[in-house]
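Asker: Sequence first, predicted model second:
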Amino acid sequence: MIRYHDEEWGRPVHDDRRHFEMLLLEGAQAGLSWETILRRREGYRRAFAGFDPAKVATFDAKKKAALLKDAGIIRNRLKIDAAVANAQAFLKIQKEFGSFDRYVWPFVGGRPKVNHWTRIAQVPATSPESDALSKDLKKRGFRFVGSTIIYAHMQAVGMVNDHLLDCFVRTSRSRKASRKSRIP
């Protein structure tokens, strides 16, 4: 968890495969701890074709049945079905917008939304932006994308900077990332 926080969480992401990875993992996390999912991350990478949405979108009933037997992931039929449906919806967004990245970043104005929390208790579970993105994703056929899951995704991919004011990550790297992170 410390390594994930220090090296990944909150860093602006503009790579579609990374967006898909985090959406898939955040959906799998629903009702579980993030630590549980991180421990299975490599299992998910293997089971879900390196988080390639084009490959995941083609998973059929036979492949999904095999995934239900894979101890390297959370074996939940609804979450597996959602991952495949989300891959299909993800590809449609890529086709419509040119990339998922171009679709998602405008929900925060094209650059990270920087919050100024001093205590973890101040960090919200949702935001108006996550509400709007969640609603739009659902309209486009995504599942396991409630506002709380989407807020976690936005934090993970750096759309929202919720590192506390005294966090070394925020002070050492976040300002540079915020200046550089704009959608192309």
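Answerer: That came in fine, so what should we check first?
Asker: need the contact list for residue 84.
Answerer: 56, 57, 59, 64 (C-beta atoms under 8 Å, 6 or more residues apart in numbering). No exception for glycine: its C-beta is placed from N, CA and C like everyone else's.
Asker: ok, and the most crowded of these?
Answerer: In terms of neighbours by other C-beta atoms under 10 Å, these top out with residue 56 at 23 neighbours.
Asker: Residue 149: which of the contacts of residue 84 is nearest?
Answerer: Of all the contacts of residue 84, residue 149 sits closest to residue 56, with 17.6 Å by C-beta to C-beta.
Asker: Can you verify my assumption that that closest one contacts residue 87?
Answerer: Yes. Using C-beta atoms under 8 Å, residue 56 is in contact with residue 87, at 3.8 Å.
Asker: before we move on, back to that, among the contacts of residue 84, which two are most distant?
Answerer: Using C-beta to C-beta, the contacts of residue 84 span at most 12.3 Å, a distance reached by 57 and 64.
Asker: The nearest residue to residue 93 once chain neighbours are set aside is in what secondary structure piece?
Answerer: Distances taken as C-beta to C-beta, 6 or more residues apart in numbering put residue 103 closest to residue 93, at 4.9 Å, once the chain neighbours are dropped. For residue 103, the host element (DSSP states H and E) is helix 100-104.
Asker: Which elements pack onto that helix?
Answerer: Other helices and strands packing on helix 100-104, by 3 or more C-beta pairs under 8 Å, 6 or more residues apart in numbering; DSSP states H and E, are helix 16-29, helix 77-97.
Asker: residues touching the nearest residue to residue 48 once chain neighbours are set aside, list them.
Answerer: Leaving aside its chain neighbours, residue 48 sits nearest to residue 56 (5.4 Å; criterion: C-beta to C-beta, 6+ apart). Contacts for residue 56 (C-beta under 8 Å, 6+ apart) come out as 20, 24, 48, 49, 83, 84, 87.
Asker: mind redoing it with 10 Å?
Answerer: By C-beta atoms under 10 Å, 6 or more residues apart in numbering, residue 56 lies in contact with 20, 24, 47-50, 63, 83-88, 90-91.
Asker: same thing with residue 118?
Answerer: Counting by C-beta under 10 Å, 6+ apart, residue 118 has contacts 164, 165, 166.
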